[in-house]
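J.: Provided below for reference: sequence and predicted model.
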Amino acid sequence: MASGRVTIRDIAERIGVHPSTVSRVLNPETRNMVSPEVIAQVQDIAAELGYRPNPIAYGLRTNQSMTVGVVVPDLTNPVFPPTIRGIEDTLVASGYVPLLANSEGDQDREQLIVDLMRNRRVDGLILTTSSPNTPVILACKEDRLPLVVIHRTWDDPEISCVGFDDALGTNLIVQHLSSMGHEKFAYIAGPLDLTTGRDRHFGTINAMREFGVRVDQDLFAVVDSFDEEESRICCNELLSKGKEFTAIITGSDLIAAGCYAALREHGLRCPDDISITGYNDVPLATHLYPALTTIRTPRYETGAEAAKMMIERLNNREIPPRWVKFPPSLIIRDSAGPPKSAK
């Protein structure tokens, strides 16, 4: 055998099969067309010879780059790493590699990143963006580029979406607090231009009405971003109004962390004076004191499902979009307890 890069033909000659058989084995999508015995032979010889696929040649032959662009608004937000891991694990298992970028929640930056990814011939996009009408989304639809949106739940028949059942999550929180005797709630929502902020906001209102809790709009506030410092300021403003409430429901764990700081500044204790709940169950939740009662969202599973949807679309461009909402669960810790009046 000539020295240099090992080819599919080299492996085929060593085993005594046609190169197309080796090609089928090395492609996860066609491997099931070959017997287990031949698969084992090909994999053993490929490892022995040090075979490495040529991505450029593969791309020219199949018109695929075997890469998928993944764009999220904030890589430092602890909500996203488990989702990204779920995407990566699922894509890699099918022979794809994610190309990851951070948009900072800015549409111009998002547009630039997606343009650069498309110039590198990504086969599809998995992204979190603010609206189904952004230029990026509209261009993907027009060009029929496979697209999956994560952490968003849009009613768009042309876009596959994977998110959470926030109506259920907010209901679980309100039910839990009500069962302990709370009747006066404050609520701090995430950005209402995002479905995560909007769905949790209206889900909380609906749940309060369901459990007979008065909705006081003076005790409802909205932050512009899921940011701890902005949430601290917002909570301080609620506390300064002088209106009585015994629990603060928040749209995310980061918002809840800001509320902890605000309570300390006002000389109040959680949960003795005011209970606090979060949403998502990021690692921070167990490190707060007291540990945060929150809603756990299955973020890894969301990423894995998004990648599965993408692979389905890449294998068959004609299948219709799907919409999946994963059910969250209530995680009871120490930040929520009975109000003083019920003790």
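T.: Alright, I've got the coordinates.

J.: quick one: the helices in this structure?
T.: Here the chain has its helices, by DSSP state H, at 8-15, 19-26, 36-49, 55-62, 80-93, 107-119, 135-143, 166-179, 195-210, 228-240, 253-265, 284-287, 299-315.

J.: Check the burial of the spatially closest residue to Gly212 that is not a sequence neighbour by counting its neighbours.
T.: Spatial nearest neighbour of Gly212, excluding adjacent residues (CB to CB, 6 or more residues apart in numbering): Ser178 at 7.8 Å. (Glycine included, C-beta is placed from N, CA and C.) Ser178: 18 surrounding residues under other CB atoms under 10 Å.

J.: Thought Arg214 was touching Ser178, still the case?
T.: No: judged on CB atoms under 8 Å, Ser178 makes no contact with Arg214 at a distance of 11.7 Å.

J.: Distance from stretch 219-238 to the middle of the chain?
T.: 23 Å (CA atoms, centre = their mean, to the nearest Å).

J.: picking that back up, residue contacts, the residue nearest to Gly212?
T.: 211-213 (CB atoms under 8 Å, 6 or more residues apart in numbering).

J.: same deal with Tyr187?
T.: Tyr187 sits next to 201, 204, 219-221, 248-251 when contact means CB under 8 Å, 6+ apart.

J.: Who is it paired with across the strands?
T.: Taking DSSP bridges as the rule, Tyr187 bridges to Phe220, Ile249.

J.: quick one: it from Thr297, how far?
T.: Going from Tyr187 to Thr297 by CB to CB, to the nearest Å gives 18 Å.

J.: ok, now Gly242?
T.: 34 Å.

J.: quick one, which of those two is more surrounded?
T.: More crowded of Gly242 and Thr297, by other CB under 10 Å: Thr297, with 27 against 6.

J.: need the contacts of Tyr187 in JSON lines with neighbour count and distance to Thr83, can you?
T.: Below are the contacts of Tyr187 laid out as JSON lines (neighbours: other CB atoms under 10 Å; distance: CB to CB, whole Å):
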{"residue": "His201", "neighbour count": "21", "distance to Thr83": "22"}
{"residue": "Thr204", "neighbour count": "27", "distance to Thr83": "23"}
{"residue": "Leu219", "neighbour count": "18", "distance to Thr83": "32"}
{"residue": "Phe220", "neighbour count": "17", "distance to Thr83": "28"}
{"residue": "Ala221", "neighbour count": "19", "distance to Thr83": "27"}
{"residue": "Ile248", "neighbour count": "29", "distance to Thr83": "26"}
{"residue": "Ile249", "neighbour count": "29", "distance to Thr83": "23"}
{"residue": "Thr250", "neighbour count": "31", "distance to Thr83": "20"}
{"residue": "Gly251", "neighbour count": "31", "distance to Thr83": "17"}
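
J.: Okay, domains of the chain per the record?
T.: Following automatic domain parsing, one gets these domains for the chain: 8-53, 66-164+299-327, 166-297+330-342.
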